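Visitor: Have a look; sequence and predicted model below, questions after that.
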Amino acid sequence: MKDGALIEVRDVWKSYQIGELTTEVLKGITMEVAKGQFAVIFGPSGSGKTTLLNLIGALDTPTRGTISVAGQDISSFGRKGLTEFRRAKIGFVFQFYNLLPTLTSRENIEAALEIVMSDRKQVRQKAREYLNLVGIEQMGDKFPSQLSGGEQQRVAIARALAKEPEVLLADEPTGNLDSTTGEMVVKLMKKLQTELGLTFVVVTHNMAFVDYADLLVRIQDGKLIIK
Amino acid sequence: MKKIYIKPFRDLVQMRGRALLIVLIIAGGVGVYGGGYMARDTFLNTRDTYFNELHLADLEITINPATEEELPSLTGVTGIRAITRSLLMPGSIELEDGRPLSIVVAYLDPTLNPRVNSLKIIKGEFLSPDDKEAVVIERSLADYHGFKVGDRITLNPYSFPQEVTVKGIAISPKFILPTANPDVLLPSKGSLGVIYANNALVDDFFGYQLFNNFAFAFSKDGNSKPLEDKINSLFSSLDIRFFLRKNDQFSFRFFEQDLKGWSIFIPAIVAVFGILAAIVIMLAVNRLVQSQLKEIGGLMALGYSPFSILGSYLILGFIFGAFGGLVGTAEAFLICHLIAQKYQFAVGMPPLIYIYPIKHLINGFLFGMFVSLVSTSIPLLRTVRLLPREALSGATNLGFTFKRTFLSESTLLSPSTLFGFRNLFRRPGLTISTILLISLAISLSTAFIISQSSAEHFADEAFNRERWSALAAFRTSLDKEHVAEIASNKNIENWHPVIHGVANLTTQKGDSSHFALVGVPSKNFLRRLHFLSGEWLKSDNSYEVVINNNFYPLPNVRVGDTITVSAKNHDYSFKIVGIISDMTMGVAFAPIETVRKILELGDKASGIFVSSSLAPEELKKTLFSNEMVTYVSLKHEMKQQVRDAMVQLRSVINVAIGISIFMAVLFLVSSLTINILEREAEYATLGALGYTNLSISRIVLTEIMTESLCALVLSIPISILTAYYLNFEMARAWFRIDMFLYYKDFLTIMVPAFLATPIASLPGLKTIFSLNLPQTLGVRA
């Protein structure tokens, strides 16, 4: 791995077998993201950008090639290894927030923290800090159904950040929000990335992210077009 | 075929595991329905076939032994097709282990097989006029005591020993269900030996021919009641001991009553299975519909009518119903044979003659189809009423609508445990359905156990209350001194005489039935009866009667009613002072002196109740040692026989319990799987956050074990109510049984059910563990 590269994707291929048909989604992607960078992956629908994000986030494994994150080659990990890796190193933000509906905002964040911390008081304190950090401290006792889309996405970001991952991955984080709210979320993410010095990888169609990107990657038909 | 109608077939592939469970659940209901009714019809067919082929008597009268000259002439009585006359002599034999066994010897004309109550010789041969010592034994002696052709038997070893040789083994229509005491409506295998002997054997002894039993076969045309009354009137000058119409025969009555109970139980069980199956199908289809809401919206937007959409899903219901029906039909044969064989063994029937009426299979199939179609359409009715826009937006009302954040400040519960708990309140309908499903499934099995256990305990209690040790019946009615002489044994601590006769009881509304009229003393009666209402007789001379009206031969009788007792061609007005319930049928207890008077018996008695501290078998031998004692019934023996019968019947109940446990497991697995899969996107989110399978299992188990615990608590009252219902129905078909609740009866099913919950959740958990995370996370959680 090159100096400073936190994520290193080398000649990664990913194919899916659907019946007798094999679909190549990624065709030899090679890229690097340095520690502390705000990387934005964009491209048309079906280009393979979410697949790439899933591979970096250890939700899936490549058919061929290697992926190293924070010095660990995750492409050879088994299911258990991938789970442990996600727990320790990765934070996720999803398009549909994926908050647990029966937990309040604060409890959603605590649910992410309790698997890495055992001290209940510390978990609670930290959840409050991150609610504060994303600017919705007053919403801590609200359930997801009582929050707007933007507020839910802030909770999702706080949840992803709270366990202090090495990398935060976001898949279309503004995809389900109106443009104004989406813009606010983009700014919030950039602000947090700067303040916390975290590495962000965002998959998006939203061109508002482009202005904030340290690294811009375009994928088309499973291939890297621009870096 | 329109493409929309191909969709349900593909949905089936997607649902395969759950679809299979649904098919099995429907098949269970169909199988129990078809199998239960086919088994019931098989018993009735077996009974009726033996009755018809072997000409069971339309009427049987037993009197005190009389000579040819003393018998009334039946010349000119029309409607009698055939008569078999015989001398029935109760007695005893000694078994290999030294125990005495009560027997009845029927002395017959050896020249021909009786035309009424004929014998079907299954081994050896019928009696021969040339061989006085040849006997034919009824199959119970062979089946339960090991006697075979060629064996020598000593009749009445304690009074008048007679050596005979077994020449044949036969089935008699009178004894297709064996019992020592036909007054007690419970078959007890091997409790009574029946031996058919050459009448020359006893004629030589007495020096003249005696008869006491007359079996009549009537011509089939018309009402037999006037003919029965005519015969009753002709024989009334003799002491009628028993007056049995075909419908009062033990075997006939037992089947009528017991199978009436089946007709009540089977629909009740099937209804419970139907409800459970309907809930499971509704949950499964609802989940499918919710997951396909956008597709449904798309179809609506394309212009498909709600009916065509409904129709496409109903195909799914049809497939469930059809496959469930088909599998259930096959299962019905298995269940029929399983129940029939257990029951045959339990009650001691001869070989069964199976029949498989197609109507039960068709009804079962239609029942499965009905449940399936109705329960499939219910979740759809709301959905097809949505506007296309609403369906396209996927508005499924899955949102969590808690108003208060309860348990939020708890430091005992972690957020993930809280998640598990609160999921219970998220879709109350789903949670309640799951709890209800599990509790119903547990309750049904538990109720069977409570019901059976109550019957066993009730029988034990009833016998423990009784103060008599033995009932001895005399060869003929004996006078006071002779009775006192029999009872003057130092080992007999207490005794009183009893008179057993027959009378016709008629209510003021005109309902009438023959009852055993039992004359007993009003004081120090050694039996302890179970009163449903009223009280015991006040004096030995009053015209009062306490009746056992089990099976309602006299409808709507109450304490205080006046009833007409007809005996010896005279009518007497009696007041009903008490109504009892026990395992006998059609018995009326009246003051001994009154009964003596109306039966014209002077100071005679036909038997005695005794209490003694002697060992039961010793007491039996002591009583049998008197030549006038022909039959001894021991309380100890009866208690054991009832217990044995209960144990045998438990094996039939165990089949029902086994089926309901199997169904319970299916319900448990299906409802838990559906419940778990409801939240697969959320478990996928937890997986993405780094939760291990173990942590996710903990959350899932928190939810389902809480549900299971609630279901167990709920199953307690449901089990009690269901058992109460079963006992209530049993009381309608049989006799009253008090309910006894023992914690072990509850724990037998509840503990394994609770422990099985995590195992039953394994299929659902396995699906969660093998989720494709990227794909699952791609949908709205």
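Guide: Cool, got the structure.

Visitor: hmm, who's touching the longest helix seen in chain A?
Guide: Longest helix in chain A, counting residues (DSSP state H): helix A:179-196. In this structure, residues lying in contact with helix A:179-196 by Cβ atoms under 8 Å, 6 or more residues apart in numbering or on different chains are A:36, A:38, A:133-135, A:148-150, A:153-154, A:157, A:161, A:168, A:170, A:173-174, A:177, A:198-200, A:202, A:206, A:208-209, A:212. Backbone N, C-alpha and C define where each C-beta goes, glycine included.

Visitor: what does stretch B:556-574 give?
Guide: Contacts of stretch B:556-574 (Cβ under 8 Å, 6+ apart): B:233, B:236-237, B:501-509, B:517, B:533-534, B:543-545, B:547, B:549, B:554, B:575-579, B:588, B:590, B:598-600.

Visitor: Out of these, which sit inside helices?
Guide: Using DSSP H, the contacts of stretch B:556-574 in helices are B:233, B:598.

Visitor: Ramachandran angles for the closest residue in space to residue A:206 that isn't next to it in sequence?
Guide: Leaving aside its sequence neighbours, residue A:206 sits nearest to residue A:174 (Cβ to Cβ, 6 or more residues apart in numbering or on different chains; 4.8 Å). When read as degrees, to the nearest 10, the backbone of residue A:174 gives phi -110, psi 10.

Visitor: can I assume residue A:174 is in contact with residue A:207?
Guide: No: using Cβ atoms under 8 Å, residue A:174 makes no contact with residue A:207, being 10.6 Å away.

Visitor: got the contact list for the residue in chain A positioned nearest to chain B?
Guide: Chain B sits closest to residue A:87 of chain A, with a gap of 2.5 Å, by Cβ to the nearest Cβ. Counting by Cβ under 8 Å, 6+ apart, residue A:87 makes contact with A:115, A:116, A:163, B:689, B:690, B:691.

Visitor: Recalculate using a threshold of 10 Å.
Guide: By Cβ atoms under 10 Å, 6 or more residues apart in numbering or on different chains, the contact list for residue A:87 reads A:58, A:112, A:115, A:116, A:163, A:165, B:688, B:689, B:690, B:691, B:692, B:695.

Visitor: Now flag whichever of the residues you listed is closest to residue B:269.
Guide: residue B:695 (41.1 Å; Cβ to Cβ).

Visitor: Is it correct that the closest one is in contact with residue B:686?
Guide: Yes: using Cβ atoms under 10 Å, residue B:695 makes contact with residue B:686 at a distance of 7.4 Å.

Visitor: Now list whatever residues contact both of these two.
Guide: Common neighbours of residue B:695 and residue B:686 (Cβ under 10 Å, 6+ apart) are A:115, B:416.

Visitor: Of the two, give the one with the bigger neighbour count.
Guide: residue B:686 (22 against 19; other Cβ atoms under 10 Å in any protein chain shown).

Visitor: Quickly find the element holding the more buried one.
Guide: Applying DSSP states H and E as the criterion places residue B:686 in helix B:680-689.

Visitor: List the contacts of residue B:245.
Guide: B:57, B:58, B:59, B:60, B:216, B:224, B:225, B:228, B:252, B:513, B:514.

Visitor: can you give me phi and psi for the fifth one?
Guide: Put plainly, it is residue B:216. phi -110, psi 140.

Visitor: And it, how far from residue B:568?
Guide: 20 Å (Cβ to Cβ, to the nearest Å).

Visitor: Give me the more crowded residue out of those two.
Guide: Neighbour comparison, residue B:216 and residue B:568: the larger count goes to residue B:216, with 24 against 15 (by other Cβ under 10 Å).

Visitor: who's the more buried one bridged to?
Guide: Judged by DSSP bridges, the bridge partners of residue B:216 are residue B:59, residue B:83.

Visitor: gap between it and chain A?
Guide: 78 Å (Cβ to the nearest Cβ, to the nearest Å).

Visitor: Hmm, that residue is touching residue B:243, no?
Guide: No: here residue B:216 lies out of contact with residue B:243, judged by Cβ under 10 Å, at a distance of 11.2 Å.

Visitor: Look up the residues that both of these two are in contact with.
Guide: Each of B:59, B:60, B:61, B:228, B:231 lies in contact with both residue B:216 and residue B:243 under the rule Cβ under 10 Å, 6+ apart.

Visitor: any idea which of the residues you listed is the one closest to residue B:774?
Guide: The closest of those, once distances to residue B:774 are taken by Cβ to Cβ, is residue B:60, at 82.7 Å.

Visitor: give me every residue that touches the closest one.
Guide: Applying Cβ under 10 Å, 6+ apart, the residues contacting residue B:60 are B:84, B:88, B:116-117, B:174, B:213-216, B:242-246, B:248-249.
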